[in-house]
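Enquirer: how would this look folded up:
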Amino acid sequence: GVEGYDIDYPDVAHLREQLYPSAEHYHVVAASVTDPAWLRDVPADRPTLMIGEGLTMYLTEHDGVALLRRIVDGFPSGELQFDAFNTLGIKSQWSNTVVRRSGAKLHWAINKPEDILRAVPGTRLLAWVSPFDDN
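Expert: Prediction:
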């Protein structure tokens, strides 16, 4: 009963559909995450898990906060999981081989959970894992 949705730029979504077999409960949505229209393609009548891997740092703070607000406002219950870079990670992007080779630019630094909790009403922290914790 779980439906999966992958949102990515149209060119990437098209490539993904060519490389990976289709699955009954898996959907690829060809859109930019900053375009509010893709949210209409995801049912909001049940608890929702949204995962943003390798996403937030590529957004501007304005676009990132707007995206998180739309998700929180559009889905009455669920969980949001994502990774983020802090200010040091953004400032040292020149040393990140993947970013450098892709020609991408990192923008949004999230230094602590409170950055999101203050900016996006309706969120609450379930867990935060620092890369510096020895787990």
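Enquirer: What is the neighbour count of residue 56?
Expert: 23 (other CB atoms under 10 Å). Bear in mind the C-beta positions are built from the backbone N, C-alpha and C, glycine included.
Enquirer: The closest residue to it other than its chain neighbours and residue 69, how far apart?
Expert: Of all residues not flanking residue 56 in the chain, residue 84 sits nearest, at 4.8 Å (CB to CB, 6 or more residues apart in numbering). Residue 84 sits 16 Å away from residue 69, going by CB to CB, to the nearest Å.
Enquirer: When the two are compared, which one has more neighbours?
Expert: Per other CB under 10 Å, whichever of residue 84 and residue 69 has more neighbours is residue 84, with 19 against 15.
Enquirer: Tell me where the chain has strands.
Expert: 4-8, 26-30, 48-52, 78-82 (DSSP state E).
Enquirer: if we can go back for a sec, contacting residues for the residue nearest to residue 56?
Expert: By CB atoms under 8 Å, 6 or more residues apart in numbering, the residues touching residue 84 are 56-57, 108-110.
Enquirer: Next: residue 100.
Expert: Applying CB under 8 Å, 6+ apart, the residues contacting residue 100 are 93-94.
Enquirer: Correct me if wrong: residue 79 contacts residue 49.
Expert: Yes - under the criterion of CB atoms under 8 Å, residue 79 makes contact with residue 49 at 5.1 Å.
Enquirer: Would you state the helices of this structure in chain order?
Expert: Per DSSP state H, the chain carries helices over the ranges 10-19, 61-74, 87-91, 97-102, 113-119.
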